[in-house]
Structures are given as C-alpha cells and as structure tokens.
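Peer 1: show me the folded form of this:
(chains A and B)
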Amino acid sequence: MKKYIIAIIAIVVFTACEETVQLDLKESESVVIIDGLVSDQFKNQYVKVSRSIDFYAEGTSKAITNATVSVTDGATTYNYIHNPTLDSDNDGVYFSTVPFSGEVGKTYQLTVQVDGTNYTAEDNLYPVTAIDSLTVIVNEDEFDEPERKNYFYEILFYAHEPQETKDFYLFKFYRNDTLVLDSPTDIYFSNDDLLAEEINGIPTASFYKLGDIGKVEMYSISNAGFIYYNDLINLLQSDGGMFGSPPVNPRTNIEGGALGFFQASSVVSESIKVEE
Amino acid sequence: MKQISLVAILAAIFFISHQSTAQTRHTVNGYVKDAENGEELIGATVLVKELGTGTVTNVYGFYAVSIPPGTYTFQFSYLGYQTVEQVFELKENVEFNIELPVEARQMEELIITDEAIDANVSDIKMSKNELDIKQVKKLPALFGEPDIIKTIQLLPGVISAGEGTSSFFVRGGSADQNLILIDEAPIYDPSHLFGLFSVFNADVIKDSELYRGGIPSRYGGRLSSILEVRTKDGNNKKLGGAAGIGLLASRFMLEGPIRKDKSSFIVSGRRSYVDLFLKAANQDNLVHFYDVNAKVNWKHNNNNRFFFALYLGRDVFSFEDVFGFDWGNTTGTFRWNHLFNDRLFSNTSIIASHFDYKLGLEDDAQGFDWKSNLQELTLKQDFNYFLNTSNEFEFGYHLTYRQFSPGRITPTSESSLFTEQAIDKMYALDHAFYVGNQQKISDRLTFRYGLRLSVFQNIGKQDVFIYEDPKDNIDPTRIDTVSYGAFENIKTYVNLEPRFSARYLLNATSSVKLSYNRMVQNTHLISSGTVPIPFNTWSPSSPYLKPQIADQVAAGYFRNIKDNSIELSAEVYYKDIQNVTDFADNAQLFFNDDLTTEYRQGNSWSYGLELMAQKKEGRFTGFVSYTLSKAERDVPGVNNDKTFLANYDRRNVLNLVGTYDLSDQWQFGANFSYSSGRPITVPAGRYEYDGYQVDYITERNGYALPDFHKLDFSATYIPKKNKDRKWQSSWVFSIYNIYSRKNAFTIYTRLKEIEDGVYSDEKEAVKISLFPILPSVTYNIRF
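Peer 2: Predicted coordinates:
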C-alpha cells in the first residue's frame, strides 16, 4: 500500500507530477544512533555510533568517536574500540577487541556511553534455517526489454521453513559482493506467519548478467528485530500520511533515548555463478 | 441525569397527546409530486393560509395536516415549481395528492412574491444542506463527470480530504464518521478509482442532503454527518432516458412507467474506459469501474406503496495480468410505505449492504488471494405521526446485523510459499429505538427534540483473546482465549443519544437557531491515514474498543435578504469526541491477528465558524462558503501522548460556486476553492542505519502542506431542439484548474538521485500534485 497507491493513481490520471520542494524546517536537537550486530560468525563484531543531522545537511550521520562500547553475553564481556585500523570508512565504528562468534540461545547486552549518557540494548540470538539452493533463470520480461543491457538473469531462492517454531528472517542480496536493492528503500525481511513449509524459488532482488556471482545471506532476527525493520520500511516508504499512517520513528530495542537497533543473528549464505 | 431527560420527554409527549384528544380534527393528507414525471417532492411546503401554519412533506413526499373543521386554502410550494392553491371545506378527512408543474424558465431576474420560500430562516433545521442536482450538473467537474461528493466538499463545515478524493471531513470529524446512504443503505467506500469519482451517478439522483449538526433522532451510527442520497423512482408518466459520453466514463439511464401513474422503473449504468486509453498506450495495466442502479416501485394507492432499489458498483485493477485487485459495494433496499390511518405514516425497510475487496498475485512461488468483506442486514420500522399542526412525532426501531471478515489469504498454487490463513470474523447486532417530536411552541418558537437509545452488542461466534497487557503491540502475549458461540453476547454497550434543536424567529426575514446532539459510533474504521482506502477494514465495538461518542452544540443566525432571494447564515459549533478511535504509532493494521493491541482511543475536539451566502433562484445562482475551524486530538499512546492537529484540520476554507444561465443555449459555471494546507509530518533530521538514510521524526502533523487553491470553469451548450427529434442533446465543456496550480497532494522524502539508479546519501522532499489544467468535454442526450 502507501506510496504504491499514489503510483497507481498516477497511472490512472497520467497527469501527476513530482517536484522537489524546500521544506522550511525547524532546527532540531540531534539524537544518538546505534547500529550494531553480533553474528554467529567468528570475527571482530561491530557497533556503529553516530548522531543524526539536519535533514538538509550535507553527507550523512555524524560519527561519534569518543563513546565507550561493550557487549556481554552474561558470562563474558567484550570491549569494543573505535576504528582500530584508522580506516576513514570506519569512522564511528567500534570493533570488539577480540574476535568472537555469537551463540544460538544466548542474549547479548550492549552498553554504549556517550558524553556521560548510557544507552543499553539486548537481543536474543536465534538459529536460522538452511538455504536449500539457489537457481538461475532468465526473466523473460527483462530479456525482452532489459532495464540494463545484458542484465536479465534472476536468482531464485529455495528453503524449508520450520513450521513448529516462530521465526523471523532478514535477507541481503549481493552481486559480485556489492549489496543490491531493487529500490533504495527496500528491506527484505519476513516473519513466518503466512509461510508454508516449502519456499519454492522466490525471486531475489535485482538482475544479473552472465559471469556475475550472486550471493544470498539469510539472518535470523528476533521479534524486536522484525518490528524494527517493519517500522523502518514503513518510514522509508511513507507517503506522508495520505493513505498510509503518518511517518514515525521505528520502535527500537535501545533504551536511553537513542534510535537504531542492536541485532543478534545467525547467518547462512549461499552463492551461485550465473552461467548459460 | 439521562433517566430524568427521558422521563421528562415521555411526560411531555403524553401531556400533548392527551390534551389534543379533546378537539375534533380532520386530516388532509397525501403526496406532493412533480407533474412532469410523478417523482415525489421531499420537503415541499404545505401552508394553511388561514392559520398561517402548515407542514412540509417527509422524506417520502408525504404530508398530513390535522385541523378543526372549516374552510381552508392550502398552498403547496416547492423551490423551482409553481405554487398551487387548493380550497378545502373540511368536514371529514381528505386524501389529496397534488402534482406541481415545473416553473417556467425565468429569463429575467426573478420577481419574488410574498409567497417566497424562506426555509433558510423558518425551517428548524440548521447545519444542513440540500444539493440541487441540476446545479451540480452545471458546475465544472473533474474529467467532466458531475459528482455530488465533489460539490459536498465545497459546503460550509465540510473539508475535502484531498484533491481527487471522494472523502470529506465534517466539523472536525474523520472521513469514517460520515454515514453515507444511498436509498437508506450505507456505502462503506464511496470511491471509484481511489476517489477520482464517487459511486453516485448524477443521472439517477433525485435528492441529497447533508446533516452536519442538529441531526434528527431517526439517524444514528456515525459521529459527524449524515449524507442521505435518494435515487429517482423513475418517470411514471412516460418512457425517457439519458445518456452521456465523457472523457473517462460513459453513462446510460432509462426510466418509465410500468403502469402509468402507479408503477415505474429506472435503470442506469456507468462504465469507465480508462483501460482503453491504457491499452492504446500499450500498457498491460487494466483499470476500470462500473456501476448499476436499478429501482422499481409500485404505488398501489396512498395506503400502500412498495419500492425496491439496487446498487452495484465495482472497481477492477489489473497489472500485467499478474497482480490485481478489485473492490465494490452492493446494496439493496426494499421499502414499504403504509398509512395506518390518516395521520400515522409508516415506513418499513429491509436493507442489505455488502462491501468487499480482493487482492491477488498470480505466481507459482508466491501466488495468493486475499479477500475481505463486510456485510450487513437492517430492518427499519419508522413511524410519522402528524398529531396536529403544532406536533409531528417520529419514532421507530432499527435493527442491524453486521458481519466483518477482516481477511483471508489463500495460496493460488500448490507451490506457493503462503499457507491458508484467516483472521477471525466478527459479528455485531445494533438496536436503536428512537422518538422525536417537532413542536411549535409559538409563532416564533419551534422545538425539535428527540432521544435515540442505542443498544449495541458484539456477538459470537468469536474467540476473544485475553492479553497479559492488552496494549502490548510489540510482543502480544495471550494468556487466555474465551470462545463465544453464534449469537452469544460478548459485550453490550448502551447509550442514550439526546437530540435537541430550537428555532426562534426574530422577524419575517431572520431567525436564530440552536442545536445539541449526541452521536454514537460502533463501527470503527481501521486506518491511520488521512484518506480511507478501499483496503481498510472495519471493526465493531468490542471488549477492546469502546463506542465513540460525540457531543456537538451549534448556534446560528439566519437571514434572508432581497425578498428571500439571498440566504445568509452564520453558525458556530463546538464538538467534543470521547473514545475517538486511533492507533498506536507504527501500528500494523493489515492482517494482524492481534489487532486489538494496536487500538488507542482518546479525545478529539473541534470548533469553528461557518458563513454561507446562497442564491438559489434566477439566472445567476450559487453560493459562497467560508469555514474557520480547528480540530485536535489527544490520544494516549500516540505522538508521545502529546496533543496534535488532526489529519482533518484545515484552518481556513473558502469556496465560491456560481452558475449563470446566459440563454436557453448557454449556461456557465465556475468554482474557486481555497483551503489551508493539510497538516503533515515532516522530518526534523536524518541519520544512517545499515546503509539506509532514515528520517528523524519529532512530532506528528507539525507542518502544513502549502495552501490549496484552484479555479474551474464550465460551459453547457444546449443546441436548439429540432422539432422532428425526440431527443435533446447538450455539450458540457469543463476546464479544471484553469491556472494550473500544482497543488500539493502530499509530500514525502526520498534519496537524491545523482544519475539513473545511483543515489546520494542526501535526501530531498518531493511534492506530488495530481492535476494540472485539465480540459474535458462531455456529450449528453435526454430523450
């Protein structure tokens, strides 16, 4: 719904027009943004801490480099340090001082201290089902009229969804190791409320050309994670409250007044090369 | 308090009835009709000249006047018709039906006689407008399709939900608080093509009226307004019809007698052909709508008359034969008007209404069908008792059974990833008992008072979930399930709705009026957007959803000038709504098993000033309406518990509407609309999360869209009638939004696009406007 309804009306009246406008916005106080993940892969886990900026400001969130960050599973506490490799891309990103892998069944607690204010969050790490396989097909519509020359292969995804547990999934799709989205406001996630056991070849995002390597990552997320991503996509795709609800901040698991999400996930992935 | 007022009114009724039995009275009764086609005239004035008093015809065109024996001159009048007088020597009861001839076209400014129609001043009704369908047809229309809803959106106290929508807001109420009736049957979604057109085909409409205050006790069920649309009965004198070809849709209507003067029919259809354009543009997307109205009636005699009316409408969208959806209303009304005696008029109606929508995706891996519907069946028994010239009672009983089916998903292929799922159906029984009286206290003072007792029952069959925390919408935890059998009572709500209006004549040309009404609403729209969409569902009041209750007071000054040719009115109102239904921030309203955890109810209030000047007769007719108002909401759990401007708040609204008959061949219409912008939520800032650029929101509806204004123009050309031809044609040329203002439909934010498919981290706000200047032409014939 939401913006799609406006798109449909635009088709019907074929007179609709879009135009960039300058909003006369009040200055707002910035808010702390936390974006962290503990996965079951053995690595230096990350937490990104930043601050919101004005809507019309240049660039993106302002990195916070002086925070104190730690994660605990109740038994072991992992301290994080800011950007140990001094890579400018990782400004505001904190890495665990030692590599570790999250374990299924554990609850991870995050503590972030910024200028004397404490922000805490916790998330459970759930198991994830296996990806059975990926297949490549030719998308006939794209073959007839490709949006991008030679990009008319589509990757299909197969899995078994365990019916006895309540599961939530987040998907990420990569073409030659670059994240792909059909639209910059897309998030691929699901609960299993309406899912049957067999997932028989649902299309993944974007199109591929011969020789590309497609990769699918599937993350387990918690109910709180599902709610966060659901709220986030509603906000990203808001129509300004005309047919859908008014835009509003996503519900987060972070306490203390920060926005963002702290996520614990199992991850599985599968790759396929696009061949004749 | 409630009990006392009920007892007081019952006592008053008894007292009046008792007093009146002492005198001998005779009754003159009958129907007032249009001489040309036999259609009953609603609200026609019947004046007994010797007594200086009289009555008006009821919604079925019936009148009754009960007076002592004597010789009287009755005068029958109705706007746009010749006034007819009839002398009665009253020795016994008289049945008298009268047909009024249509007034000859006045090419000069009308000279108003002392029999001028001054209903604006003398009628007890306030906060009410009738729409003249003939004028609606002369006004400029979007895509040349005359639409009463678009004209209603111009009335004082009424706010358009947005350009190109069929939703409207009345006196600080949301769109779902309007009861929209076609031949007494409720229409749950009045839109075609998401609101570009409404479901009302102008060819079949006889009469429509909008109550936004001072609502009589026979109406109930919604908080803010009643829009009652009545279709024609069909010409019972000769066969005739009309057809029209417009830019987006064409229409056809046929009416005529089955048995002359006794029985007639009307049938009409309309279909859009946007899909043909889309096909021509080589698009696989199909979009169309249609509607059908049909009615037969049999007027056996004055004592027994039967009607059967049907409405059927549907919108169908299909995209590349893969994805599609459709929605539609179906209503049926059976009506029996019966006279028990010369003064007791009865109407019995059986009404059915059905609304449904479907969404479907054809796909091996993820195909599904999603269906949702709402149906209701109503029995209405209404009585009018014309006691004497000072008292007219109405009372009755309404019973409605409703079934809500919020959704069922079915996989459409063996290999689909979906499982079959359905949300529990919900059921309700709604009883209403009402009584009302219009009482003339003195020559200057008239009261109308009434009571409506609403007894609402949420009934089984349903499993009601008990939650650990009924407001926890993040992780709803059911601790128990209570199963109710079919028709078993789950929850009952009893509400008493007092209604009161008073009119005091200051002099022959001015009056003051006052009204108070309480309205109760037990069907709730599940939507947190500004404009309802057909995919919204409805829910009955339940253990988790209390009835919404509105109290409204209004006061007005009414004055006619220039021999009643110009009607002026000024009204102020204050409306307070308790338990207004809203939803938690981030509520998940589609296909949610635990929807009850998203309900939030709170307060809403609004107040305003409405000014109107109207000229109904002569070559130039039209009106100016201005509304100054404010509407706010305070709902715990929404917007951090802070008060916010309601989606339906617009500070200033001004409309100028006029038609001018230049000659028999040329008529012109124009319309200028201005409105403050809709409140909208805009970001206070922005941040990045996992690569997404996310808006930071600090308050709901804290910003306003730019002001809305536009000017439309229309011209109707009626070629001189060829005497050999049986039909008359006309052309309607319309120009919508003459100065092509890009009015904001909405504003949303998106990433800046650097080049095709490559996006910056920065965002921009984008305004969508739907209609630039749009000329259109419609060709109509009548035969």
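
Peer 1: could I get the top helix by length along chain A in CSV with only the CA atoms?
Peer 2: In chain A, assigned by DSSP state H, the helix with the most residues is helix A:223-236. What follows is helix A:223-236, C-alpha atoms only, in CSV (Å, rounded to 0.1, in the frame of the first residue of the first chain):
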residue,chain,number,x,y,z
ASN,A,223,10.6,-10.4,17.1
ALA,A,224,12.0,-7.0,18.1
GLY,A,225,14.2,-7.0,15.0
PHE,A,226,11.2,-7.9,12.8
ILE,A,227,9.3,-5.0,14.3
TYR,A,228,12.2,-2.7,13.8
TYR,A,229,12.6,-3.5,10.2
ASN,A,230,8.9,-3.4,9.6
ASP,A,231,8.7,0.1,11.2
LEU,A,232,11.8,1.2,9.3
ILE,A,233,10.4,0.2,5.9
ASN,A,234,7.1,1.9,6.7
LEU,A,235,9.1,5.1,7.4
LEU,A,236,11.3,4.8,4.4
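
Peer 1: list the strands paired with the next helix or strand after it, with their directions.
Peer 2: Note on helix A:223-236: by DSSP states H and E, the next helix or strand toward the C-terminus is strand A:254-255. Within its sheet, and counting by DSSP bridges, strand A:254-255 is paired with strand A:117-124 (antiparallel).

Peer 1: what's next to the next helix or strand after the strand it pairs with, contact-wise?
Peer 2: Later in the chain than strand A:117-124, the nearest helix or strand by DSSP H and E is strand A:131-138. If you take Cβ atoms under 8 Å, 6 or more residues apart in numbering or on different chains as the criterion, strand A:131-138 is touched by A:152-160, A:201, A:204, A:208, A:214, A:216, A:218, A:268-272, A:274-275. C-beta: built from backbone N, CA, C; applies to glycine.

Peer 1: same deal with stretch B:445-453?
Peer 2: Applying Cβ under 8 Å, 6+ apart, the external contacts of stretch B:445-453 come out as B:5-6, B:9, B:124, B:214, B:216-218, B:220, B:394, B:432-441, B:494-505.

Peer 1: residue A:160 reaches residue A:192, doesn't it?
Peer 2: No - at 11.3 Å, residue A:160 does not count as touching residue A:192 under the criterion of Cβ atoms under 8 Å.

Peer 1: tell me the phi and psi of whatever residue of the stretch 601-750 of chain B ends up closest to chain A?
Peer 2: Ranked by Cβ to the nearest Cβ, the top residue of the stretch 601-750 of chain B for proximity to chain A is residue B:684, at 3.5 Å. Note on residue B:684: its backbone torsions stand at phi -90, psi -20 [degrees, to the nearest 10].

Peer 1: picking up where we left off before, out of the contacts of stretch B:445-453, name the ones that lie in strands.
Peer 2: Applying DSSP state E to those, the entries found in strands are B:394, B:432-440, B:494-505.

Peer 1: got a PyMOL select line for the buried ones in those residues?
Peer 2: The following PyMOL line selects those of these that are buried, judged by 16 or more other Cβ atoms under 10 Å in any protein chain shown:
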select buried, chain B and resi 394+432+434+435+436+437+438+439+440+495+497+498+499+500+501+502+503+505
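
Peer 1: on that earlier part again, residue A:160 and residue A:192: which is more packed in?
Peer 2: More crowded of residue A:160 and residue A:192, by other Cβ atoms under 10 Å in any protein chain shown: residue A:192, with 19 against 12.

Peer 1: contacts for the longest helix of chain A next, please.
Peer 2: Against helix A:223-236 from outside (Cβ under 8 Å, 6+ apart): A:2, A:123, A:166, A:168, A:170, A:185-187, A:189, A:191, A:221, A:244-245, A:247-253, A:261, A:263, A:265, B:474-475, B:586, B:588, B:689, B:692, B:694-695, B:697.

Peer 1: just want the angle from that helix to strand A:117-124.
Peer 2: Helix A:223-236 and strand A:117-124 are oriented at 110 degrees to each other (axes from the mean of the first three to the mean of the last three Cα atoms, to 10 degrees).

Peer 1: and helix A:223-236, what's its mean pLDDT?
Peer 2: Averaged over helix A:223-236, pLDDT sits at 95.

Peer 1: and that helix, how far from the chain's centre?
Peer 2: A distance of 9 Å separates the C-alpha centroid of helix A:223-236 from that of its chain, computed with Cα atoms, centre = their mean, to the nearest Å.

Peer 1: OK, contacts around the spatially most central residue of chain A?
Peer 2: Central residue of chain A (Cα atoms, centre = their mean): residue A:187, 6.0 Å from the mean position. Counting by Cβ under 8 Å, 6+ apart, residue A:187 touches A:170, A:229, A:232, A:233, A:236, B:692.

Peer 1: from residue A:179, how far off is it?
Peer 2: Computed with Cβ to Cβ, to the nearest Å, the distance linking residue A:187 and residue A:179 is 12 Å.

Peer 1: contacts only, for the spatially most central residue of chain B.
Peer 2: For chain B, the residue nearest the mean C-alpha position is residue B:227 (2.7 Å; Cα atoms, centre = their mean). Contact analysis of residue B:227 by Cβ under 8 Å, 6+ apart lists B:152, B:178, B:179, B:180, B:181, B:208, B:209, B:210.

Peer 1: bridged to it, which residues?
Peer 2: Here residue B:227, judged by DSSP bridges, has bridge partners residue B:180, residue B:210.

Peer 1: and the residue nearest to the centre of chain A, what pLDDT?
Peer 2: 94.

Peer 1: next one: residue B:563
Peer 2: Looking at residue B:563, the pLDDT reads 80.

Peer 1: before we move on, what about residue A:86?
Peer 2: So, for residue A:86, pLDDT stands at 89.

Peer 1: for my notes, confirm it occurs in a strand.
Peer 2: No - using DSSP: H, G, I helix; E, B strand; the rest coil, the assignment for residue A:86 is coil, not a strand.

Peer 1: what count of nearby residues applies to it?
Peer 2: Residue A:86: 8 surrounding residues under other Cβ under 10 Å.

Peer 1: my guess is residue A:184 meets residue B:759, correct?
Peer 2: Yes - counting by Cβ under 8 Å, residue A:184 touches residue B:759, with 5.1 Å between them.

Peer 1: identify the contacts common to the two.
Peer 2: In contact with both residue A:184 and residue B:759: residue B:751, using Cβ under 8 Å, 6+ apart.

Peer 1: the contacts of strand A:131-138: which ones sit near chain B?
Peer 2: A:156, A:201 (Cβ under 8 Å from any Cβ of the partner chain).

Peer 1: which of the contacts of strand A:131-138 fall in strands?
Peer 2: Using DSSP E, the subset of the contacts of strand A:131-138 located in strands is A:153-160, A:201, A:214, A:216, A:218, A:268-272.

Peer 1: list buried residues within those.
Peer 2: The neighbour-count test (16+ other Cβ under 10 Å) marks A:153-159, A:201, A:214, A:216, A:218, A:268, A:270, A:272 as buried among those.

Peer 1: which one of these is nearest to residue B:353?
Peer 2: Nearest to residue B:353, judged by Cβ to Cβ, of those is residue A:201 at 42.4 Å.

Peer 1: and the strands in the stretch 51-200 of chain A?
Peer 2: Under the criterion DSSP state E, counting those that start in this stretch, strands of the stretch 51-200 of chain A are mapped to A:53-54, A:62-63, A:68-72, A:77-82, A:93-96, A:107-114, A:117-124, A:131-138, A:153-160, A:168-175, A:178-179, A:188-191, A:198-203.
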